[in-house]
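>>> could you work out the structure for the sequence below:
(one chain, ligands or ions: 1)
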Amino acid sequence: TTHEEGGTSGTSRPTPATGSWGKYAERFGGQLVLVTGAASGIGRATAFAFAEAGARVVAVDREGEGAARTAELARLIGAPEAWPETVDVSDEAAMEKLAEKVAGEYGIVDVLVNNAGIGLSGSFLDTTADDWRRVLDVNLWGVIHGCRVFGGQMAERGQGGHIVNTASAAAFQPSKALPAYATSKAAVLMLSECLRAELAGRGIGVSAICPGIVNTNITATARFAGVSEQEENRLRKKSSKLYGMRNYPPEKVAGAILHAVLNDQAVVPVTPEARGARLLSRFTPGA
Ligand code: NAD
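Okay, here's the model as predicted:
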């Protein structure tokens, strides 16, 4: 295995030395952890961190090859068992089928990480209804399906558990550049807080992770509304460069996800600009 292959982002940056998640084996060892969007970026890094802590990992992604690679590497890193599942999280029937299969073959999920997401930039007026639907289908409905099917099983089992949803700093940071993406993430943040209130009495924690700019493949696949294909490619390269410059590694977000579960944190801004934005976000009091 080369460093590049084991990496979690599409850049040539070598994989950082594995973390020290082994020390959490007492907490996560043998637990069943399901991560969506696990073929790359934050999801893959999260699968690896839980693997190092000895968890059994289900790596879900619509990219089957990437999911298979994540599962394979997770086993090498220390997961006693790891399975890839090729599923589109926006597909309700497929998610229900996945939940049935996982419960039947692997068990009830102890930690669910709804992380799959796609990027969409472009002004509000340039964003078509189809663009809105696509981003809401994956970023919002994907999380809703995950919470419903796996959260339902957790609640029914009655032995607690934890759900982590990957929102974004965009959830509390109004922007002219990504209205649809920001709206999808604000909805994920609110649904996480509502579900947290509902499940608190049943020993199930819910956390919303809100990263700022993280160096992953998301810029390579992000769509830009209202521009020509050529312009879209140019913008993609430009934003990839910006993300690379910040160079915040997905492994650190994975660490924040493990800590959110360990400490049952509600809303977790990650990266310096996300923490700043969260501190500044205040509603103006009414009369
Ligand atoms: P990434 O593109 O590297 O990883 C996203 C993964 O999700 C990919 O493997 C992709 O195949 C998968 N995916 C996309 N749509 C899917 C679908 N419908 N069904 C199943 N899998 C699907 O990007 P990333 O940065 O690791 O993104 C992970 C999450 O973090 C996303 O929700 C993203 O919005 C969020 N996020 C990223 C950043 C950042 O700067 N990179 C910042 C804030 C939040």
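>>> residues of the protein that sit close to the ligand?
36-37, 39-43, 61-63, 66, 88-90, 115-118, 138, 142, 166, 168, 211, 213-214, 216-218, 221, 250 (Cβ under 6 Å from any ligand atom). The way it works is simple: take the backbone N, C-alpha and C, and place the C-beta from them, glycine included.
>>> quick one: buried ones out of those residues?
Among the residues of the chain next to the ligand, those classed as buried by 16 or more other Cβ atoms under 10 Å are 36-37, 39-43, 61-62, 66, 88-90, 115-118, 138, 142, 166, 168, 211, 213-214, 216-218, 250.
>>> go through the residues you listed and flag which are in helices.
Mapping these onto helices (DSSP state H) picks out 41, 42, 43, 66, 142, 218, 250.
>>> the last one touches residue 48, doesn't it?
If I follow you right, that is residue 250. No. Checked against Cβ atoms under 8 Å, the pair residue 250 and residue 48 is beyond contact range at 9.6 Å.
>>> bridging residues for the closest residue to residue 70 other than its chain neighbours?
Among residues not flanking residue 70 along the chain, residue 59 sits closest, at 4.2 Å (Cβ to Cβ, 6 or more residues apart in numbering). Beta bridges link residue 59 to residue 35, residue 84 when assigned by DSSP bridges.
>>> pretty sure residue 59 is touching residue 67, no?
Yes. Judged on Cβ under 8 Å, residue 59 makes contact with residue 67 at a distance of 4.7 Å.
>>> more neighbours, these two?
Applying other Cβ atoms under 10 Å to residue 59 and residue 67 shows that residue 59 carries more neighbours, namely 32 against 28.
>>> mind checking pLDDT for the more buried one?
On pLDDT, residue 59 comes in at 98.
>>> from residue 141, how far out is it?
Using Cβ to Cβ, to the nearest Å, residue 59 is found at 21 Å from residue 141.
>>> same check, this time on residue 54
For residue 54, the distance to residue 141 equals 32 Å [Cβ to Cβ].
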